[in-house]
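> I need the structure of the sequence given here:
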Amino acid sequence: MLIASPYRSSLWEAAAIQRRVIGALILRELHTRFGRDNIGYLWMFVEPSILSVAVVFMHLATGLAHLQYKMQVASFALSGYVPFVLFRNVVLRSGPAIEANRTLLYHRYISLTDIAVSRLLLEFVSVVTTFLMLLGAFAVLEMANLPDRPLLSLVGFALLGWLSFGLSMLISAAVEWSEVIERFVHPITYIALPMSGAFSLMEWLPKRVQDILWWFPLPHAFELIREGQYEDFNSRFVNVTYLLVWCVVLTLFGLLALRAIRPYVHAE
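Just a heads-up that it's a prediction; the model follows:
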């Protein structure tokens, strides 16, 4: 007769508690951010769609229908800008995250990490769903294609989300230490846009620029997403191992930073 280990039981119980905590935090964030007026929670999909569609039509205004590797302009724009929305939203909303949820820290089961995870999951579901909806709509109009290698595209999104998560924890801790840092986050995201590869392929850039951008993790994630979008495109600038190292290191330092500031964060 097998006897269940008390440690295994405790682990499952703790996981169940944290799952409920994160679910409650997501629902609270949905209600706080979007409310129940007008179209309510549907804003989580409409909001990122508005500017993304505008970016697509800006690309179409150039008069091009296709790029190399059989890339349709609409799907190229969506596979670049929509993932950047994920990065931007996770990073931008990390600054005020602790302040907005400070009173919840009264509950002993809620941690700073839970707040960061819940926000990441909300943004990830919102952006990926929006991406598929927009691609589907433009595919019906024969202006775009669905991902040729969807699993690879999803891996790219997941690694981009993980990278954003690690960075967001560092920013949350830094802003709690000094509010001045929050003022630099917004302009930095604008600077990151042309460096991310959202609007171009690495191979289109001059060799000197390629050598510099290779050291940044964002282009690796964007090139990976585009590999999933187009089966004819195989980038020589993607290094998944290097991207994983960035994700792990940022997450480790982010967790340590949140742990360091936790004694100084008080519920009000």
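> how far does the one helix or strand Val21 maps to sit from the chain's center?
Val21 is part of helix 6-34 when elements are defined by DSSP states H and E. Its chain's C-alpha centre and that of helix 6-34 lie 20 Å apart, by Cα atoms, centre = their mean, to the nearest Å.
> now for it, which elements pack on it?
helix 43-60, helix 112-140 (3 or more Cβ pairs under 8 Å, 6 or more residues apart in numbering; DSSP states H and E). The C-beta positions use only the backbone N, C-alpha and C, and glycine is treated the same way.
> the ones you listed into a markdown table, with extra columns for distance to Ser168 and mean pLDDT?
Converted to a markdown table, the helices and strands packed on helix 6-34 look like this (distance: least, Cβ to Cβ, whole Å; pLDDT from 0 to 100):
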| stretch | distance to Ser168 | mean pLDDT |
| --- | --- | --- |
| helix 43-60 | 17 | 86 |
| helix 112-140 | 6 | 93 |
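> most neighbours per residue, which of these?
Mean neighbours per residue, mean count of other Cβ atoms under 10 Å, is largest over these for helix 112-140, with a mean of 19.
> quick check: mean pLDDT of the next helix or strand along the chain from that one?
Next helix or strand after helix 112-140 toward the C-terminus (DSSP H and E): helix 150-177. Per-region confidence: helix 150-177 scores 95 on mean pLDDT.
> the closest residue to Thr32 other than its chain neighbours: how many residues sit nearby?
In space, Thr32 comes closest to Ala100 once its chain neighbours are excluded; the distance is 7.6 Å by Cβ to Cβ, 6 or more residues apart in numbering. Around Ala100 there are 16 other residues, counting by other Cβ atoms under 10 Å.
> same deal with Ile110?
Residues contacting Ile110 under the criterion other Cβ under 10 Å number 19.
> only C-alpha atoms, please: export the host helix or strand of Phe253 in PDB.
Per DSSP H and E, Phe253 falls inside helix 240-261. This file holds the C-alpha atoms of helix 240-261, laid out as PDB (Å, rounded to 0.1, in the frame of the first residue of the first chain):
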ATOM      1  CA  VAL A 240      18.000  30.500 -28.300                       C
ATOM      2  CA  THR A 241      20.600  29.600 -25.700                       C
ATOM      3  CA  TYR A 242      21.800  33.200 -25.500                       C
ATOM      4  CA  LEU A 243      18.100  34.400 -25.100                       C
ATOM      5  CA  LEU A 244      17.500  31.800 -22.400                       C
ATOM      6  CA  VAL A 245      20.500  33.000 -20.500                       C
ATOM      7  CA  TRP A 246      19.100  36.500 -20.500                       C
ATOM      8  CA  CYS A 247      15.700  35.200 -19.300                       C
ATOM      9  CA  VAL A 248      17.200  33.200 -16.500                       C
ATOM     10  CA  VAL A 249      19.600  35.900 -15.300                       C
ATOM     11  CA  LEU A 250      17.000  38.700 -15.400                       C
ATOM     12  CA  THR A 251      14.500  36.500 -13.500                       C
ATOM     13  CA  LEU A 252      17.100  35.500 -10.900                       C
ATOM     14  CA  PHE A 253      18.100  39.200 -10.300                       C
ATOM     15  CA  GLY A 254      14.400  40.200 -10.400                       C
ATOM     16  CA  LEU A 255      13.500  37.700  -7.700                       C
ATOM     17  CA  LEU A 256      16.400  38.800  -5.600                       C
ATOM     18  CA  ALA A 257      15.500  42.500  -6.000                       C
ATOM     19  CA  LEU A 258      11.900  41.900  -5.000                       C
ATOM     20  CA  ARG A 259      13.100  39.900  -2.000                       C
ATOM     21  CA  ALA A 260      15.500  42.700  -1.000                       C
ATOM     22  CA  ILE A 261      12.800  45.400  -1.000                       C
END
